[in-house]
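Trainee: quick one, structure for this:
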Amino acid sequence: MAKEVKASLKLKIRGGQASAAPPVGSTLGQYGVNMMDFINPFNEETKDRMGQNLTVHVSIYEDRTMSWRVVGTPTDELILSALKVDKGSGEPNKIKLDKKLSDAQLTEIAEAKAGDMNTEDIDAVKKMVVGTARSMGIEIES
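Mentor: Here you go, the predicted structure:
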């Protein structure tokens, strides 16, 4: 029989840098789970992505056990780092950024996000990345 889920959480944590300090300690502590059962395996699994912001989905069960999976770096952060800018446009429908996303950068970001998406088709993932870029005021090179 499947375990009953007590809580489903989403945490943003830097890869390889989880600690008992907030947000991990305060969030997991309130559900009575042993946070070191999360911190050590998380840091070991994400040491190759040290410092990247990662989204983690944590399921906490009634018997105080948990399971988790790393979703990855958000698409907007991948776009910003590819263009080496701090933030997108505050008014993307009126003001566009000076830099444009090249097709090579677009493909690289799409391949990085493919594992997190619900499709294997890189062209479909590229369309999703283009939508995120547009919402940030970033245009795509033709």
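Trainee: buried stuff in the helix ranked longest in the chain?
Mentor: In the chain, with assignment by DSSP state H, the single longest helix is helix 122-135. Neighbour-count burial for helix 122-135, counted by 16 or more other Cβ atoms under 10 Å, picks out 125-126, 128-130, 132-134. No exception for glycine: its C-beta is placed from N, CA and C like everyone else's.
Trainee: same question, stretch 54-63
Mentor: The neighbour-count check on stretch 54-63 (16+ other Cβ under 10 Å) flags 54, 56, 58, 60-61 as buried.
Trainee: likewise stretch 12-28?
Mentor: Per 16+ other Cβ under 10 Å, stretch 12-28 contains these buried residues: 13, 15-18, 24, 27-28.
Trainee: for stretch 33-42, same thing?
Mentor: By neighbour count with 16+ other Cβ under 10 Å, stretch 33-42 contains the buried residues 33, 35, 38-39, 42.
Trainee: which members of those residues occur in helices, if any?
Mentor: Counting by DSSP H, the buried residues of stretch 33-42 contribute 38-39, 42 to helices.
Trainee: end to end, how far does stretch 25-39 reach?
Mentor: 9 Å (Cα to Cα, to the nearest Å).
Trainee: any idea of the mean pLDDT in that stretch?
Mentor: Per-residue pLDDT over stretch 25-39 has a mean of 89.
Trainee: can you list contacts of that stretch?
Mentor: Here stretch 25-39 makes contact (Cβ atoms under 8 Å, 6 or more residues apart in numbering) with 6-7, 9, 11, 18-20, 24, 58, 60, 64-66, 68.
Trainee: using TSV, lay out the residues you listed together with secondary structure.
Mentor: Shown next, in TSV, are the contacts of stretch 25-39 (DSSP: H, G, I helix; E, B strand; the rest coil):
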residue	secondary structure
Lys6	strand
Ala7	strand
Leu9	strand
Leu11	strand
Ala18	coil
Ser19	coil
Ala20	coil
Val24	helix
Val58	strand
Ile60	strand
Arg64	coil
Thr65	coil
Met66	strand
Trp68	strand
